[in-house]
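Chemist: no FASTA, just this:
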Ligand SMILES: *[C@@H]1O[C@H](CO)[C@@H](O)[C@H](O)[C@H]1NC(C)=O
């Protein structure tokens, strides 16, 4: 393409654009229809706003939402059970997660806020980790065994104990690591290592001992 023909195309494009915009410039006449037009525009804006305000609930009031279908779930960690419930907030509400996280539920006589929220099957669902009054989730240690020095010169003594009351299908590693223990005048938040076998779950501790 020669520079000359390119220029011509450019010119004709410009003229085309100018011609296109010209009718728009002449629409000043429409301004005289403002009463009708403005009324329709305002009405449309109001309708859109009302729809948005309804769908997204721009200003949620307190106590507007309630938990339903409260269900106890499994024991998740030492002395702790998970509960799941549905919140009657619309999944289209843009504040659904804040509302969910901020709405407490009474469990065993105490108010609890969810530990997490999610949208599941078209419902806003909250998960609660309740760590009081859950005796079925309380594990404990028994059969204290002093296994002697871990190895000569290791300066570590090996203690083993049997984990009791492990809930059915519970994650044994989680319970073993979080079940508190107290022996040799020391307190432990859980075992140092864990193993499971046909004889049950055993926790192991390797504690400082200069005589080893
Ligand atoms: C949620 O349930 C509570 C209690 O039944 C009710 O007062 C409230 O109006 C409900 N909110 C919505 C958005 O349905």
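Modeler: Great, that's in hand. In this text the structure is predicted, and so the values were computed from the model without any measurement.

Chemist: For the ligand, see how far away residue 86 is.
Modeler: 10 Å (C-beta to the nearest ligand atom, to the nearest Å). Just so you know, the C-beta spots here come from the backbone N, C-alpha and C atoms, and that holds for glycine as well.

Chemist: What about that residue, how many residues nearby?
Modeler: 18 (other C-beta atoms under 10 Å).

Chemist: Could you say which helix or strand holds it?
Modeler: Under the criterion DSSP states H and E, the helix or strand holding residue 86 is strand 80-87.

Chemist: Pull up the pairing partners for that strand, direction included.
Modeler: strand 67-77 (antiparallel), strand 123-130 (antiparallel) (DSSP bridges).

Chemist: Deepest-packed of these, please.
Modeler: Mean neighbours per residue, mean count of other C-beta atoms under 10 Å, is largest over the strands paired with strand 80-87 for strand 123-130, with a mean of 19.

Chemist: Isn't residue 79 up against residue 130?
Modeler: No: taking C-beta atoms under 8 Å as the definition, residue 79 is not a contact partner of residue 130, at 9.3 Å.

Chemist: Please enumerate the shared neighbours of the two.
Modeler: With contacts defined as C-beta atoms under 8 Å, 6 or more residues apart in numbering, no residue is adjacent to both residue 79 and residue 130.

Chemist: quick one: buried residues of stretch 130-139?
Modeler: When burial is assessed from 16 or more other C-beta atoms under 10 Å, stretch 130-139 yields the following buried residues: 130, 134, 137, 138, 139.

Chemist: And the contacts of it?
Modeler: Counting by C-beta under 8 Å, 6+ apart, residues outside stretch 130-139 touching it are 75-76, 78-83, 107-108, 110, 112, 163-167, 175, 179.
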